[in-house]
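Colleague: Build me a model:
(chains A and B)
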Amino acid sequence: MHPLFRSRIALLSYLAAWIPIGCMFGAMVSISGGLTWSESAVVTFPGVLALVVLVLTPWYTCRALPLRSTPPAKLILTHLVVAMCVSTAIVLVDKISVAVFGLWLPDLRGRFHGAIPVAAFMVLLIYLLSVALHYTLFAVESSKQAEVVSREAELKALKAQVNPHFLFNSLNSISALTATNPTAARDMCIRLSDFLRSSLRLGERTSIPFAEELALTKTYLEVEQIRFGKKLKVWNDLDPACDDCEVPPLLVQPLIENAIKHGVATLVDGGEIAIRGRKIQNMICVVIENPFDPDAPVARKNGFGLVSVRNRLHARYGNAGRLETEVNQNRYRVILTVPCERHRQSAI
Amino acid sequence: MKQIRALIVDDEDLARQILREYLSEERDVEVVGECTNGFDAVKAVTELKPDLLFLDVQMPKLDGFEVLDLVGTEIAVVFVTAYDQYAMKAFDAAAVDYLLKPFELERFRTALQRSRRRLEEKTPSPAVDDLRRAASGPGQHLQRIVIRDNARVHIIPVDQLDYVEAEDDYIGLHTGGKKYLKQQTISSLEASLDPARFIRVHRSFIINLDKLGKIEPYTKDTKLAVLTDGSQVPVSRAGYMRLRELVDSK
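Modeller: Modelled structure (predicted):
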């Protein structure tokens, strides 16, 4: 069915748009045939009504003849033939109505005869315009669809992504520990596996309880704490009220990863990452704060993690989810605000 | 056998530990020090004069390339890095020794053996500019310039550069009324800078477009660029054409 019938507003606006077109049509017939305004109105009304329905038919013909794969000659010929048929049909309807009203107005037939070419041409034009509009509609729709598909693919890639730098550095730490502290090496192996396993598992889902995201983040931090030793300190203050809110996976962990990579790791003596989580009305608000070295080399640190989180927030919540950053002297602060959703049905 | 004095530079304890462990089995290598950041590394090189450097790439203060830039080419260097697709390609292209974390003893010994040979043959280290340019990946430009003045290290963000002047084997970096000398060619610096912001207006001069005040006629063929701080820089005919092209395209 034509998309216009899917929404009442669209249908009504379509019909409203026909009021000026119909008036113009009537006016042209009136001028070219020497009919009075009221004569023209009653005579052309049935034809215009038919046209209102017929100009929607390109939805089917345009679909059957896609712009890209149809030879141009076939394309033009088909639409032109259909347009002529429609034009002939409308003129026929007009003629019938002239014949009916001609019972009362004997000279109507003669006068209308002079208006036929104009009427036929106008119908032809309106129909072809509708063909063009339908092709535009299809193009817009397919580009929208392509955007959705590419965004989904991007999200999938982002979710599956474990920072290789983190992975190889962790493996190097394990390699170092095997000689001096095999128990610690084993411990780190297990934590790293835990992190990889849960990020793979959670990354497949569209929503996870906030508590699970925090657990993942905690495992990640445990691995990093072995790597960085005393340099990395973590301070938590998390409101348990957030725990069963549903959020997209890997929302907080990339922010912590950023806080380490561009913050704590840039400092000679390291520093502390502060993580605060609050439930404010129906929103989860997470604030992550870390010190950083403002003089650190800035090459290739455009905050890829932040961009990806921001894109994902936008894709999911529109303007309801936000990610803000603040720089205050040597401290960097990220504020994440997302709606607390409970048991979303769309666990695809 | 000649003793090799080695310095380990890495910000992670465990990463230094494994190098120390592997090096402890090499009789001709003595670990003279360990550093956890780029500043300390430059200082330690000045004071301890090591022959061989194990150098992490990502570190606080100065990265591995900046350290190499500052310590000169007399020292043999083995880069140690976890993962960096561009750096790896750059190392390969420049024939620099590098170890990818985690690395095995065999691989470590191969790198060390190569360093021994380099030290015997006194092969200089490769040009750090080319190396860094290749390692920073496409579309990335130099963000800051490091200069060593004895044990002191100056860092000049490129935004703050007014202009650069070639002086024999050196370049003079003018920033905020001060001038710093660095041993480098003006062409190699030009290649590292963002071409949309820095223009070679003359064989011996590069200016920062953001600091350009106005252009005045000078002689028949040349012009004079007056910068916002009042300093005057000669502009050759070819330089003026490059400048026009860039300004017009903006």
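
Colleague: and chain B, what are its domains?
Modeller: Split into domains by automatic domain parsing, chain B comes to B:4-135, B:158-249.

Colleague: Relative to chain A, which of those is closest?
Modeller: Shortest distance between chain A and the domains of chain B, using CB to the nearest CB, is found for domain B:4-135: 3.6 Å. In this view, the C-beta of every residue, glycine as well, is placed from N, C-alpha and C.

Colleague: The strand or helix carrying A:Ile90 packs against which elements?
Modeller: According to DSSP states H and E, A:Ile90 maps onto helix A:72-101. When contacts are defined as 3 or more CB pairs under 8 Å, 6 or more residues apart in numbering or on different chains; DSSP states H and E, helix A:72-101 sits against helix A:37-54, helix A:58-64, helix A:108-159.

Colleague: Give the next helix or strand downstream of the last one.
Modeller: As assigned by DSSP H and E, the chain's next helix or strand after helix A:108-159 is helix A:164-180.

Colleague: measure the residue lying farthest from the centre of chain B to B:Arg237 for me?
Modeller: Each residue of chain B has a distance to the centre, and by CA atoms, centre = their mean the biggest one is for B:Lys220: 38.7 Å. For B:Lys220, the distance to B:Arg237 (CB to CB, to the nearest Å) stands at 10 Å.

Colleague: shaky segments in chain B?
Modeller: Within chain B, the stretches with pLDDT under 70 are B:1, B:124-126.

Colleague: Look up the closest residue to B:Gln160, ignoring the ones flanking it.
Modeller: Spatial nearest neighbour of B:Gln160, chain neighbours left out: B:Thr175 (5.0 Å); criterion: CB to CB, 6 or more residues apart in numbering or on different chains.

Colleague: surely the one you found meets B:Glu165?
Modeller: No: look at B:Thr175 against B:Glu165 with CB atoms under 8 Å: they stay out of range, at 11.8 Å.

Colleague: These two: which is more packed in?
Modeller: Between B:Thr175 and B:Glu165, counted using other CB atoms under 10 Å in any protein chain shown, B:Thr175 has the larger neighbour count: 21 against 18.

Colleague: what residues are up against the residue nearest to B:Gln160?
Modeller: B:Ile156, B:Gln160, B:Leu161, B:Asp162 (CB atoms under 8 Å, 6 or more residues apart in numbering or on different chains).

Colleague: and the last one, what is it in contact with?
Modeller: So the one you mean is B:Asp162. By CB under 8 Å, 6+ apart, B:Asp162 lies in contact with B:His174, B:Thr175, B:Gly176, B:Ile207, B:Asn208, B:Lys211, B:Leu227, B:Asp229, B:Ser231.

Colleague: May I ask which of these has the most neighbours?
Modeller: If you count neighbours using other CB under 10 Å, the busiest of the contacts of B:Asp162 is B:Ile207, which has 26 neighbours.

Colleague: Kindly list the main-chain dihedrals of it?
Modeller: Backbone torsions for B:Ile207, taken as degrees, to the nearest 10, come to phi -120, psi 160.

Colleague: Check A:Val234 too.
Modeller: Main-chain torsions, A:Val234, degrees, to the nearest 10: phi -130, psi 140.

Colleague: Would you tell me which residues of the stretch 101-250 of chain A are close to chain B?
Modeller: A:164-165, A:167-169, A:171-177, A:179-180, A:226-229, A:231 (CB under 8 Å from any CB of the partner chain).

Colleague: and chain B, which residues reach chain A?
Modeller: B:11-15, B:17-18, B:21, B:36-37, B:39-40, B:58, B:60-63, B:66, B:82-84, B:100-103, B:136-137, B:140, B:143-144, B:155.

Colleague: How far off centre is the helix ranked longest in chain B?
Modeller: Longest helix in chain B by number of residues (criterion: DSSP state H): helix B:105-121. Its chain's C-alpha centre and that of helix B:105-121 lie 23 Å apart, by CA atoms, centre = their mean, to the nearest Å.

Colleague: those helices in chain B, which residues are they?
Modeller: Along chain B, counting by DSSP H, helices occupy B:13-23, B:38-48, B:64-71, B:85-94, B:105-121, B:128-135, B:186-192, B:237-249.

Colleague: Can you tell me which of those is most buried?
Modeller: helix B:64-71 (a mean of 24; mean count of other CB atoms under 10 Å in any protein chain shown).

Colleague: That helix packs against which elements?
Modeller: Here helix B:64-71 touches helix B:38-48, strand B:52-56, strand B:76-81, helix B:128-135, strand B:144-149, going by 3+ CB pairs under 8 Å, 6+ apart.

Colleague: Could you check the pLDDT of the residue nearest the centre of chain A?
Modeller: In chain A, the residue lying closest to the centroid (CA atoms, centre = their mean) is A:Val148, at 5.6 Å. On pLDDT, A:Val148 comes in at 78.

Colleague: Also A:Val234?
Modeller: We have a pLDDT of 95 for A:Val234.

Colleague: Tell me who's in contact with it.
Modeller: A:Leu221, A:Gln225, A:Glu272, A:Ile273, A:Ile275.

Colleague: repeat for B:Gly239
Modeller: B:Ile199, B:Arg200, B:Val201, B:His202, B:Phe205.

Colleague: follow-up on the earlier one: from the contacts of A:Val234, list just the buried residues.
Modeller: Buried members of the contacts of A:Val234, scored by 16 or more other CB atoms under 10 Å in any protein chain shown, are A:Leu221, A:Gln225, A:Ile273, A:Ile275.

Colleague: List the ones among those that fall in strands.
Modeller: Among those, the ones falling in strands (DSSP state E) are A:Ile273, A:Ile275.

Colleague: Greatest separation within the buried ones among the contacts of A:Val234: which pair is it?
Modeller: A:Gln225 and A:Ile275 (13.7 Å; CB to CB).

Colleague: thought A:His134 was touching A:Tyr60?
Modeller: No: look at A:His134 against A:Tyr60 with CB under 8 Å: they stay out of range, at 9.4 Å.

Colleague: From the neighbour counts alone, determine which of the two ranks first.
Modeller: For A:His134 versus A:Tyr60, the count of surrounding residues by other CB under 10 Å is larger for A:His134: 20 against 11.

Colleague: what's that one in contact with, if anything?
Modeller: A:Pro58, A:Trp59, A:Cys62.

Colleague: circling back to that earlier point, between the contacts of A:Val234, which is nearest chain B?
Modeller: Nearest to chain B out of those is A:Gln225 (CB to the nearest CB; 11.8 Å).

Colleague: list the contacts for that closest one?
Modeller: Contacts of A:Gln225 by CB under 8 Å, 6+ apart are A:Leu232, A:Val234.

Colleague: What distance do you get for it to A:Ala184?
Modeller: In terms of CB to CB, A:Gln225 sits 12 Å off from A:Ala184.

Colleague: A:Lys144 now?
Modeller: Look at A:Lys144 and A:Ala184: by CB to CB, they are 53 Å apart.

Colleague: can you give me the angle the helix holding A:Ile90 makes with helix A:108-159?
Modeller: Counting by axes from the mean of the first three to the mean of the last three CA atoms, to 10 degrees, helix A:72-101 lies at 140 degrees to helix A:108-159.
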